[in-house]
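Q: what follows is a predicted structure for the sequence shown.
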Amino acid sequence: MGFFKKIIDGLKKTKQQIGFKLNELFKRGIFDEDFYDELEFILLSSDVGEETTVDIIDQLRERMRTDRVSDPNKAYGYLRDVLSDILGDEKMNPSYPCVIMVAGVNGVGKTTTIGKLANIFVKQGKSVVIAAADTFRAAASEQLEVWANRAKVRIIMHEEGSDPAAVVFDAISSAKSKGTDVVLVDTAGRLHNKKNLMEELKKINRVIDREYPNADRKNLIVLDATTGQNAIAQVDIFNEAIDIDGIVLTKLDGTAKGGVVLAIKHDMDIPVYYVGVGEGIDDLMEFDAASYVEGII
Ligand SMILES: Nc1nc2c(ncn2[C@@H]2O[C@H](COP(=O)(O)OP(=O)(O)OP(=O)(O)O)[C@@H](O)[C@H]2O)c(=O)[nH]1
Ligand SMILES: [Mg+2]
């Protein structure tokens, strides 16, 4: 399946929620106060968020007024432009060697994302080693090992309950000695409590900084799109512990809340680098604003 088709397919539920309704609304060709009220309602119902919705509507009004638009297609094009502008297009573009740490609350899709990322880098001809730094959850390393085998990359694992920072230390040593391009660090989603989890992430972060100062660093937070607005609160919490460079938004295939990307981008100003649209190894896409907008409206 082609890249574009996959995104469109993955966003089908969101499109049903907002795209079809927006289409109907614009087709009427009447751009009065009722139109804007209804537009607001539709956007809010897809987790675009209040502030973002207001901003979108203000921007659209402005463009419509300046150009005195009455043609529905033209108006729809303006909405596309406004949404694309908000989303922007910032790619992760690491330099090599790099260490990519993946964090997020439990069950959001961290481990799956690591497997998919490994696959993406391998396809780009990069060498990869995975650090299984979720030593807390039983069988977490084994789950990651399955992904490492699928992507045909190396994995460093220690036994359950061991120090995650030591796993990362070993993975970095291995990457240095073998000249590996990418170290992918999987982390736990749950420890005994949230404070422990944040302290552990900070410690891993310090180890990477100390042991591999010349490596490019990317800290990614994985968010489950089905949680909608709640995802934004999660970014805040993790961003306090470790500087988050970018977002991976997973499970877009299972939700009509794809509008949450707009809220994230608008409220957080942290780029969405990748989106997950399925459970398979090829189901992670680099975020592209134009295709995304095409997919949701
Ligand atoms: N439909 C869909 N499912 C996904 C996607 N990404 C992950 N999943 C599923 O989400 C579930 C949890 O994924 P994991 O990768 O284990 O999540 P995790 O964040 O590592 O979980 P913990 O290690 O327990 O914190 C699995 O069943 C995955 O198959 C996605 O983009 N789409
Ligand atoms: Mg995991």
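A: Happy to help now that I have it. Ligands and ions are numbered 1, 2, ... in the order given.

Q: need phi/psi at A166.
A: The phi/psi pair for A166 (degrees, to the nearest 10) reads phi -70, psi -40.

Q: any figure for the gap between L87 and E160?
A: According to Cβ to Cβ, to the nearest Å, L87 and E160 sit 40 Å apart. Yep, even glycine has a C-beta here, placed from its N, CA and C like the rest.

Q: swap that for V275, sorry
A: 31 Å.

Q: for those two, indicate the residue with more neighbours.
A: Counted by other Cβ atoms under 10 Å, V275 and E160 do not tie: V275 has more neighbours, with 27 against 14.

Q: so which helix or strand takes in that one?
A: Using DSSP states H and E, V275 maps to strand 272-276.

Q: next one: that strand, is it in contact with ligand 1?
A: Yes - using Cβ under 6 Å from any ligand atom, strand 272-276 reaches ligand 1 at G276.

Q: residues contacting that strand, please?
A: 7, 10, 87, 90-92, 109, 112-113, 116-117, 220, 225, 246-253, 261, 264-265, 283-287, 292 (Cβ atoms under 8 Å, 6 or more residues apart in numbering).

Q: any idea how far that strand is from the chain center?
A: Chain-centre distance of strand 272-276: 3 Å, with Cα atoms, centre = their mean, to the nearest Å.

Q: in its sheet, what does the next helix-or-strand element following it sit against?
A: Sequence order places strand 284-286 as the next helix or strand after strand 272-276, per DSSP H and E. Strand 284-286 pairs in its sheet with strand 272-276 (antiparallel), by DSSP bridges.

Q: residues near the residue nearest to L22 when sequence neighbours are not counted, how many?
A: Using Cβ to Cβ, 6 or more residues apart in numbering and skipping residues adjacent in sequence, the residue nearest L22 is I297, 5.3 Å away. Neighbours of I297 under the rule other Cβ under 10 Å: 24.

Q: likewise for R63?
A: Residues lying near R63 (other Cβ under 10 Å) number 17.

Q: where does it land in three-state SS?
A: Under DSSP: H, G, I helix; E, B strand; the rest coil, R63 falls in the helix class.

Q: how near is the closest residue to it other than its chain neighbours to R65?
A: Counting by Cβ to Cβ, 6+ apart, Y78 is the residue found nearest to R63 once chain neighbours are left out, at 4.8 Å. Distance, Y78 to R65, by Cβ to Cβ: 11 Å.

Q: repeat that for T135.
A: Using Cβ to Cβ, T135 is found at 58 Å from R65.

Q: run a quick neighbour tally on E33.
A: Residues lying near E33 (other Cβ under 10 Å) number 7.

Q: from now on call the first residue 204
A: In the new count, where the first residue is 204, that last one comes out as E236.

Q: does ligand 1 sit close to the worst-scoring helix or strand of the chain on mean pLDDT?
A: Within the chain, no helix or strand scores below helix 206-213, which has a mean of 83 by mean pLDDT, DSSP states H and E. No - judged by Cβ under 6 Å from any ligand atom, helix 206-213 and ligand 1 are separated, with a smallest distance of 7.9 Å.

Q: do the same with stretch 300-316
A: Yes - Stretch 300-316 reaches ligand 1 (Cβ under 6 Å from any ligand atom) through G307, N309, G310, V311, G312, K313, T314, T315.

Q: show the buried residues in those residues.
A: Buried subset of the residues of stretch 300-316 next to ligand 1 (neighbour count, 16 or more other Cβ atoms under 10 Å): G307, V311, G312, K313, T314, T315.

Q: excluding covalently adjacent residues, which one is nearest to the third one?
A: Computed as Cβ to Cβ, 6+ apart, the closest residue to G312 that is not its neighbour in sequence is T453, at 3.7 Å.

Q: list the contacts of E362.
A: Applying Cβ under 8 Å, 6+ apart, the residues contacting E362 are T338.

Q: need the per-residue pLDDT for it.
A: Per-residue confidence at E362 stands at 94 (pLDDT).

Q: before we go further, it is sitting in a strand, right?
A: No - membership of E362 in a strand is not supported by three-state DSSP, which gives coil.

Q: so I450 touches I435, yeah?
A: No - I450 is not in contact with I435 according to Cβ atoms under 8 Å; the separation is 10.3 Å.
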